[in-house]
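Participant: Have a look; sequence and predicted model below, questions after that.
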Amino acid sequence: MPEKPGGILKHVAQRIRELRDAAGGGMSQEALATALGKTANTISRWETGTYKPALEDLDGLSRFFGVSILEFFPREDAPRNEKLTALLRAASELNDNDVEELRRYAEFRKARNLYGGSKPRPGRKRKNV
């Protein structure tokens, strides 16, 4: 049975909180916000499920914490198939950096499918400072 959208948001919120709490004996929301270029209020709203972080935000969180982006989603077991076997065969010929980039790309695409796609969010766009 597929997970309800609200269920995914609740899971995402919990994982952000868990990763932040586990980082260096407990990282404050302010410290995480500073590291990601966000506000502490935004981090708080992600952790309560009030705001849905963009997929790009989850990618930034996964890179910051050094985990797979799929850590933010409930686990599922998928059977292997011919396409996956072909992909693994092709990846075996790549250097380590290329394999890592391919892994991150595949995880990002899967996360996008699980998270309901990547749609523009309303509101002002932040300027990079």
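Facilitator: Looks like it arrived, so ask away.
Participant: quick one: contacts of stretch 25-38?
Facilitator: Here stretch 25-38 makes contact (C-beta atoms under 8 Å, 6 or more residues apart in numbering) with 20-21, 23, 39-40, 42-44, 47, 57, 60-61, 64, 126. For the C-beta atoms, the positions are set from N, CA and C on the backbone; glycine is no exception.
Participant: For stretch 19-26, which residues meet the burial criterion?
Facilitator: 19-20, 23 (16 or more other C-beta atoms under 10 Å).
Participant: from those, which ones fall inside helices?
Facilitator: Those of those mapping onto helices are 19-20, per DSSP state H.
Participant: of the buried residues of stretch 19-26, closest to residue 108?
Facilitator: residue 19 (17.4 Å; C-beta to C-beta).
Participant: which secondary element of the protein has the worst mean pLDDT?
Facilitator: helix 82-91 (a mean of 81; mean pLDDT, DSSP states H and E).
Participant: what does the host helix or strand of residue 41 contact?
Facilitator: Following DSSP states H and E, one finds residue 41 within helix 40-48. With contact meaning C-beta under 8 Å, 6+ apart, helix 40-48 is reached by 12-13, 16-17, 20, 28-30, 32-33, 36, 50-53, 57.
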